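*Asks:* give me coordinates for this.
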Amino acid sequence: MMARRIMHIDLDAFFVSVEQVENSELKGKPVVVGGRPDRRGVVAAASYEARAFGLHAGMPLVTAGRLCPQAIFIEGSFPRYRRASQEFMAVLADFSPYLEPMGLDEAYLDVTGFGSIYGSIHLMALAIKKRVKDELGLCASIGIAGGKIVAKVASDLSKPDGLIEVASGSERAFFAPLPVAKLPGIGRKTERVLKGLGINTIGKLASVPPGTLRGYFGVFGEVLHRYANGVDERRVEPFPAGAKSISRETTFAEDTGNKSQLKATLRYLSERVGSHLRRQDREARCVTLKL
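*Replies:* The predicted model follows:
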């Protein structure tokens, strides 16, 4: 059987990058999308130049303004971001019909067997990056692996504008030295518990018996064990068969009761869910908010 090859493609600093395409004078400067620093709200996105000052998505705008007063603060335009996202997904769909969008700026592609068309999967990824850059003016980071979880981490580590391919059979070795917080699904609370058990790296987590992890985390403990070992058999699906819900979530760096921050974050997550629904030509009947 042919080894599976999955790509995770993620646009770098998406909102900011779209603004920089629209206005080239913003390139190379600390830019924040989200609004003015003298208003209540949070940072929706920050350029890498702004991140150098400690700015990040979800940070209160007033804090961002204090840390980087020279930053250029702009309101942003969700309609513009939606259009750019649609163009991005259209480019990806030209390379493989097995496309699973994960929001406005990232997606999975199943490219199993496509290497013979492009010379190799690596060359295929380079071709994707080139088209995204040439046609949209945006930089994409790509991770390639045998499953979603490893491909996702690889793309995260390759940022900005990078490409990391993890060979089949080397997933566990790739994960081993990374801190447990790098594994998708591990939030601050789970990280604290793991560190309290002396588990600081994904490699250490992979060596813990699944039964032990289940004792601490329930069924999720078994999932953690599989993922830590680089095992992820989830398929790439444009819209999972029989799926009855779509969700997006985020974890704050620290607990907050700031209403403006919560409202801005809710709007951002709602936009991501709505974008997914529109792309699939679907409607929702019920909205659930989980805190």
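*Asks:* from residue 102, how far out is the residue nearest to residue 152 when sequence neighbours are not counted?
*Replies:* Counting by C-beta to C-beta, 6 or more residues apart in numbering, residue 152 lies nearest to residue 8, which is 4.7 Å off, once chain neighbours are set aside. Quick note: C-beta positions are derived from backbone N, CA and C, even for glycine. Using C-beta to C-beta, to the nearest Å, we find residue 8 at a distance of 8 Å from residue 102.
*Asks:* got a pLDDT number for the nearest residue to residue 166 once chain neighbours are set aside?
*Replies:* In this structure, residue 166 finds its nearest non-sequential neighbour in residue 145, 4.2 Å apart by C-beta to C-beta, 6+ apart. Listed pLDDT for residue 145 reads 98.
*Asks:* surely residue 145 is in contact with residue 155?
*Replies:* No: with contact defined as C-beta atoms under 8 Å, residue 145 does not count as touching residue 155 (9.4 Å).
*Asks:* neighbour count: the two, which is higher?
*Replies:* residue 145 (27 against 24; other C-beta atoms under 10 Å).
*Asks:* in this protein, where is pLDDT below threshold?
*Replies:* Applying pLDDT under 70 to the chain flags the ranges 239-245, 250-255, 260-261, 264, 268, 275-276, 278-281, 285, 290-291.
*Asks:* now do the strands in it.
*Replies:* 6-11, 31-33, 45-46, 72-74, 99-101, 106-110, 140-145, 163-165 (DSSP state E).
*Asks:* which other residues reach the third one?
*Replies:* This means strand 45-46. 13-16, 30-34, 55-57, 59, 64, 71, 76 (C-beta atoms under 8 Å, 6 or more residues apart in numbering).
*Asks:* report the distance from that strand to the chain centre.
*Replies:* 14 Å (C-alpha atoms, centre = their mean, to the nearest Å).
*Asks:* how about residue 124: what's its closest non-neighbour residue?
*Replies:* residue 118 (3.8 Å).
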